[in-house]
Structures are given as structure tokens and as C-alpha cells.
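> I would like to see how this sequence folds:
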Amino acid sequence: MQLPFLSLLVSLVPFVLRLQAQSPDSTYERIAERIISAATADSSAYERLAYLCDTFGHRFSGSESLERAIDWVLEEMRADGLENVRGQPVRVPVWKRGTESLQLVAPVERSLVMLGLGRSIGTPPEGITAPVVVVGSFEELESHKRDAQGKIVLFNVPFTTYGETVRYRSSGAIAAAKAGAVASLVRSVGTVSMETPHTGTTRYEEGVRRIPHAAITIEAAELLQRMFDRGQQPVVRLHMSAQTHEDGLSRNVIGELRGAEAPEEVVVIGGHIDSWDVGQGAMDDAGGSVVAWEALRLLQDLGLRPRRTIRVVLWTNEENGLRGAQTYADSVRVEGAMERHVLAVESDGGVFAPVGFGFEGSEDAYALVQPIETLLEPLLVKSSTVYDRGIIRGGGQRADIGVLTREGVPGMGLHTDAERYYWYHHTPADTVDKLDPGEVQRCVAAMAILAFVVADMETTLPRERTQIRG
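Below you'll find the predicted structure:
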């Protein structure tokens, strides 16, 4: 009579073993509680972030403010007691905005708020005065390209998703030039505006004439659209003295908490230390940089040393070149260390209330990291954005770690309740007052827990094609 019961117990053994393998043990639960308690006990990360932003301001590639900020970070990391602190030299592009303006000269006279786009050429010294033709897509421009000859094209494209809408910022000058335009404008890539234009990078195509390209506010784009629709031909005068100079020298910032058993294996966490040349770059991406840095400092202060090394990297030149990410990847490839990078984690989406992490990598690796979300549960909020709570498939591909993930390193990106992110992104309004100290601290705790557990777990995360032995 007991045999069926025994048979049932035997059949449940594999399931129980799998469940145990997927559940963080009580040791990690206690560690997570310590991390959360320490991270949320004060506002030290926010205060460090505020000092960085208030003292150095924007940190654009090639600027003195970026290099002074890097000097300060390196000094502070050493004072924190982090190991192997160093600046990694990186050659970066140097683009100078110069003076710029946009004036509506007909049918009425009015100044319009604008920002030149990174890498754009300037106008002639006298500027460019021309009628504006307004289009809502590349396809509409193609069908009316005769109308664009000798004019300034405005792409008035409302925000849908960043990936979809940013195409007009990055490629608008190419399409407009092919249609015979003398310059191009783009409606700022953002969801909300209070006369706040969004800058960003544009690009050119070999063999296509280069024309100036600038972003205008949503308000200005809608004004020109209304005039155009009612048959009032808007005419504007665009002036930009932007110039590209010879490459300059910057640095990635690197610090470590060396692993106790396998220090050659690395979990890398970070953000990008550079920003655009407007605002303070607080959420893009001083916040992500400080959160990763503070996560490592917190683990150090708590005496939590994992099996593997946790390395913080603050990449330079993400905004207009990704030279820092490429230099770092090249260095670990030359050192033969790419295969020993266990996981790469990036915070580059604002440090609002944490929602979880996105993951890119093998199914086996995801099965190992997904249960960590139970440790993060006290920190996570239900998001008003598209992301589900916890550790989810997708959304782990970030710009700086993308060079690593394309070579097989599993990648994760911090997800936050970032509904307001594109209100401020790449604008003069990206300042530290938009962030909440408590939410910043919770991001620190989430980053510290994830990094520690992956760096300490017995099993090394398997890759798509190969598995590194732990």
C-alpha cells in the first residue's frame, strides 16, 4: 500500500532538485537584506551624484569638464578603497557646437529654440535662409522631393518609440540632402516639451552632400506645421558655427573588487561617464555611472567579497562615438579575457524606481539569473512603462556593453520606471533635481545584489555556444 506513495516521492526528486538549484539560498537572502538595509539607510549615492553634476556640469567628449570629472572620480574611487583603480586612455572625437540660432523670418518674425545635432557641419557665416517644407516621414519626403529642392526640410515626426523616431535625427540629413535640401531640421525626439529641444548624434553618408542638421522643439515643429498646412510658407534663417576638430584624449574609469577564488573571471557593471553638452547629464548617464560605482563601494564596505571579480567601468564617449566601449572590448580581447567575462550589466536608462533587469544570453544562463528577482522583490515597483517586473528576457542589450554581448558575453540592463525619461533626455533639463534620492539608492541596492550573486554563484553563466567552467 505504501509503494505508490514511495513511487511518487521518487518521481518528485528531480523536480525538487531543480527547484532548489533555481532558488537563491538563505545565505543570499541574508546578504540581500544587508545590502538593501545599507543602501537605503542614507542618500550617499544621490549626494555623490549631485556633487558630480553640480561641480562639473556637462561632460561632453573632448571637454575639459569631462576630464576634470574623471580626475575626481578616480581620486574618489581610490579613497573608497576600490582595487586596481585606473584610467584607460581612449581617443575620442571632438565636436564643438559653437554659436547657433534659428529665426523664423516669414510669415512673422520669431526666434525658435533649437540645438544643433552632434557631428553636424555648420552653416556659412551668414547662415542659411530658405523656405521650410514639412514632412511626416521619409516616404512623404520621397514622394515630394521636388518640393524640397533648395529648401530646408523639417521632419515633424511625433514620438512613438525611441528606436523608431530617432531614425529621423540620425539619418534625416542624408535623406534631405538626397532630395536637394540645403539644410534639415527634426522635431525633438521626446514625449514632452517645455521649449526643451533634444540634441543627439546625426550621421552622414559617403558620397552624399553634407548639410547642417538641427533639432527644434515640439512647439516649434507644430507651429511650422500649422503654417505650412494653411498655406503660409514659413521661411527660416539657420545659423550654426559647429566644427569637428582632431580627436582628443579621454579615459574609461575602471575599479574593481577582486574575486576571492576566481579573480580572473569578471562581472562588469557600469554606465557612461560622458554626456551631451547641455544640462548636467544627470540621468544620461551620471546616474547610471554612480549607481554602478556605489554598488561596488557598498559591497566593499560590507565586506562582501565574491568568488569572481566585480569590475566597474564608466565608459567614455558613448554619446557620440562609443570609442570607450570599443577600446575596453579591444583591450580584453587582446588580453584573452573576453571569454572570462561572465556577465556585463549596464545602467543607461535613468535611475528612477527600479523595475528589474532585462537579459540577453542563452536560455541556460537566463535560468540561472532569473531566480535572483526574488531577492530584488522588496526594491521593485510596478512600472507604468512596457517592462514587466523582475528579470525578463530582452532589454539587456545596451550601447556600451553591446560590444561585449555581440561576442557572446551575457548582458543585462537595469530597467526603471522611466516614463519621464524622454521628457529630459538630451535636453538642458537633464539635471539632478529630476531624480529622487530614495529611488537612486534602490537602484544601487538592485545593482549590488545582482552583481554579487552572479559573481559568487558556483556555476558560471553558460554562453550561447560555449560554456565557461566555474
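> mind giving me the domain split of this structure?
25-95+246-456, 98-241 (automatic domain parsing).
> please name the residues that touch the most centrally placed residue in the chain.
For the chain, the residue nearest the mean C-alpha position is Asp348 (2.9 Å; Cα atoms, centre = their mean). By Cβ atoms under 8 Å, 6 or more residues apart in numbering, Asp348 lies in contact with Gly271, His272, Asp284, Asp285, Gly288, Glu318, Arg398, Ala399, Asp400, Gly413. (C-beta placed from N, C-alpha, C; glycine too.)
> likewise Gly118?
Trp95, Thr199, Gly200, Thr201, Thr202, Trp276, Glu319, Asn320.
> let me know the closest of these to Gly57.
Proximity of the contacts of Gly118 to Gly57 (Cβ to Cβ) peaks at Trp276, which lies at 11.3 Å.
> tell me how far the closest one lies from Lys145.
Using Cβ to Cβ, to the nearest Å, we find Trp276 at a distance of 31 Å from Lys145.
> who has more neighbours, those two?
Using other Cβ atoms under 10 Å, the more surrounded residue of Trp276 and Lys145 is Trp276, with 25 against 18.
> check which helix or strand covers the more buried one.
In the assignment (DSSP states H and E), Trp276 maps to no helix and no strand.
> give me phi/psi at it?
Taking degrees, to the nearest 10, you get phi -80, psi 170 for the backbone angles of Trp276.
> quick one, what contacts it?
Neighbours of Trp276 in contact, by Cβ under 8 Å, 6+ apart: His58, Phe60, Gly118, Thr199, Gly200, Asp284, Glu319, His426, Asp430.
> assign the first one to helix, strand or coil.
I take that to be His58. coil (DSSP: H, G, I helix; E, B strand; the rest coil).
> can you tell me the closest non-neighbouring residue to Arg307?
Glu261 (4.4 Å; Cβ to Cβ, 6 or more residues apart in numbering).
> surely that neighbour touches Arg305?
No - using Cβ atoms under 8 Å, Glu261 makes no contact with Arg305, being 9.5 Å away.
> just for the stretch 201-350 of the chain, where's the confidence low?
Under the criterion pLDDT under 70, no range of the stretch 201-350 of the chain is flagged.
> the strands in it, which residues?
213-216, 235-240, 243-257, 262-272, 308-315, 341-346 (DSSP state E, counting those that start in this stretch).
> dump the residue contacts of Met283.
Residues near Met283 by Cβ under 8 Å, 6+ apart: Gly350, Val351, Tyr421, Tyr424, His425, Asp430, Lys434, Leu435.
> out of those, which is nearest to Leu343?
Nearest member of the contacts of Met283 to Leu343, counting by Cβ to Cβ, is Val351, at 19.7 Å.
> distance of the residue lying closest to Gly271 once chain neighbours are set aside from Arg333?
Nearest residue to Gly271, sequence neighbours excluded (Cβ to Cβ, 6+ apart): Gly288, at 2.9 Å. From Gly288 across to Arg333, the span is 24 Å (Cβ to Cβ).
> more neighbours: the two, which one.
Using other Cβ under 10 Å, the more surrounded residue of Gly288 and Arg333 is Gly288, with 30 against 14.
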